[in-house]
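In: Fold the following.
(one chain, ligands or ions: 1)
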Amino acid sequence: MTGYADQPWLRFFTEEQRQDRDFPPSVLHGFLARAADHPERRALAYFDGALTYAELDGLSDGLARHLADRGFAAGDRLAVMLQNVPQFVVALLAVWKAGGAAVPVNPMYKRDELAHILADAGATALVCSERAWAEYVRETAAQSPVRIALTACERDLQTRDDARVLAGPRMPADDAEDVLAAARAAAGPRPHLPLPTAGDTALISYTSGTSGRPKGALNTHGNISFNAHRQVRVQALPADSAVFALAPLFHITGMVCELSAALAGGHTLVLAHRFEPGVVLDAFREHRPAYTVGPATAYMALLARPDATPADFASFRLISSGGAPLPPAVVEAFRARAGGLYLANGYGLTECAAPCASVPPGYEAPVDAESGTLAVGVPGPGTMVRIVDDDGADVPFGETGEIAVSGPMVVPGYWNQPEASRTALPGGELRTGDIGFMDTEGWLYVVDRKKDMINASGFKVWPREVEDVLYTHPAVREAAVVGVADSYRGESVKAFVSLRPGAIAEPSEIVAYCRERLAAYKYPREVEVLPDLPKTATGKILRRELKAAAG
Ligand code: AMP
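Out: Predicted coordinates:
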């Protein structure tokens, strides 16, 4: 490979898209432009509630003033520990208006995980749910740098009080202010501060931690704006479209491809608190979204609902899977149940503001004939993807190596981690830790995480290849494959599966099924059936936990 201009994948894009380097310095610029053009359009929909662009702009101005009045200065950090609720978006825009950075925190995190992030990021302000504040955040925040505490009630701004996701009484606190009340009380123009520049930090995103202690990736405004505006242009949704937030907003996929792209594009972002398949289907029926993206596990859960019909998906112009491996069998199962809709794969990381490769609209990703791997897409314009060996040299097309990414969406580094930044980003190029290959047309295939490789008698087994086969078994709903210690082979292959509702399958039968379809060293010697597989809040199946349990 010689340079960006020679990359084979560029043929998937028009000359105009290739040359397109025109994106605003921040998503906030895009949002303010949309709010000026269409103040009355709905920016957010939440069950039966909504906020217009003007209302969202006004509330976030007020909250920015509230923060500034309490000493929150440019460059300060606000931790946002919320599910997909309108207050998340108000807080995010407010911190950007106040010149600070947001630190999205998974609301499922427990005391120690939160304490680590608050201390590491030096967050001086925090917003969390009323319940989390009462249960453990108050105590954790007291021993952290947090000085401005705000809470949100997930039942505000709607009247449905859907008990499937919004259970429990209100718990207002007297030592933390309600975020909406604070925003309303401080109503008025936003603080007199310049808008962010492309190089300013927008987010410190703690990586989801399927391995090791979370590190804070420094997503700049330019990183996010580049990918959000690219999403807007590539999706080309009609202006009055709704985008459904299937991914959590605290994860980079929801943050960039849903929240940021919807607001930059002037669309309506539909929120439904947290993922619950029945609630999601109801939201599809009510709000008729044109786009969504979430992990493959979310689509598997939707497919497992007996009441899902093709009509539920009829409003989608595009629908994507990202953030976790997508088995080809799930694409076909989805097509069959969703009225022919094609589930498009996309590949990205926190460190590259979500997508760096995706399936261009109008195309379908090929499946590699030899390994059965579904391509994740082609790199976008302005994005350089290389497959490298351990010395960082390019490997030929078709050969596997580590995926390395550079472009305007790649973080400059990690917060306060110069050594980790140098190792992960030599010369500014991100070493992803993912193993993959590229075909001569430019389709990228992700084989697996580098460290998840199983070494069975010296043979390399990539768990995902075995999982793809397991997903073709009619009884299997979820699958995860790990290496377990084996006195003879060093490691041997073990599979954990959960079954579809009502399905019955014996482990020995699943072993035999794989044995027919995989080389002798690859098929699982053992299969264990569990009711559900452990997952991160962002839908990635936690092989690490299963491996630890397997001993
Ligand atoms: P995160 O930083 O939480 O977004 O996690 C990024 C990781 O998710 C990547 O390094 C990949 O291992 C995995 N990943 C994301 N998208 C895909 C995909 N389409 N196929 C396979 N793995 C993926």
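
In: interface residues of the chain facing the ligand?
Out: Within the chain, the residues that sit near the ligand (CB under 6 Å from any ligand atom) are 207-208, 252, 322-326, 345-350, 376, 432, 434, 446, 449, 538. C-beta here means a position set from N, CA and C on the backbone, and glycine is covered the same way.

In: Of those residues, which belong to helices?
Out: Secondary structure assignment by DSSP state H places residue 252 of the residues of the chain next to the ligand in helices.

In: who does the closest residue to the ligand within the stretch 401-550 of the chain bridge with?
Out: Distances between the stretch 401-550 of the chain and the ligand by CB to the nearest ligand atom are smallest at residue 446, namely 4.1 Å. Note on residue 446: beta-bridge partners by DSSP bridges are residue 436.

In: what sits against residue 157?
Out: Going by CB atoms under 8 Å, 6 or more residues apart in numbering, residue 157 touches 46, 49, 51, 86, 180.

In: where does the chain have low pLDDT?
Out: For the chain, applying pLDDT under 70 flags the ranges 1-2, 208-212.

In: remind me, longest helix of it?
Out: Max-length helix for the chain by DSSP H is helix 53-69.

In: With just CA atoms, put it into CSV.
Out: Once non-C-alpha atoms are left out, helix 53-69 reads as follows in CSV (Å, rounded to 0.1, in the frame of the first residue of the first chain):
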residue,chain,number,x,y,z
TYR,A,53,-34.5,22.2,19.1
ALA,A,54,-35.3,25.6,20.7
GLU,A,55,-36.2,24.0,24.1
LEU,A,56,-33.1,21.8,24.1
ASP,A,57,-31.0,24.8,23.2
GLY,A,58,-32.6,26.8,26.0
LEU,A,59,-32.2,24.1,28.7
SER,A,60,-28.6,23.5,27.8
ASP,A,61,-27.9,27.3,27.9
GLY,A,62,-29.4,27.4,31.4
LEU,A,63,-27.4,24.4,32.6
ALA,A,64,-24.2,25.8,31.2
ARG,A,65,-24.9,29.0,33.2
HIS,A,66,-25.6,27.0,36.3
LEU,A,67,-22.2,25.2,35.9
ALA,A,68,-20.3,28.4,35.1
ASP,A,69,-21.9,30.2,38.1
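
In: Quick one: name whatever helix or strand follows it.
Out: strand 77-81 (DSSP states H and E).

In: Check which helices and strands that next one sits against.
Out: helix 86-97, strand 101-104, helix 111-121, strand 125-129 (3 or more CB pairs under 8 Å, 6 or more residues apart in numbering; DSSP states H and E).

In: Show the contacting residues for the residue nearest to residue 275 when sequence neighbours are not counted.
Out: Using CB to CB, 6 or more residues apart in numbering and skipping the chain neighbours, the partner closest in space to residue 275 is residue 298 (6.0 Å). Contacts for residue 298 (CB under 8 Å, 6+ apart) come out as 246-247, 275, 277, 280, 539.

In: hmm, which two among those residues are most spread apart?
Out: By the measure CB to CB, 247 and 277 form the most distant pair in the contacts of residue 298, at 14.4 Å.
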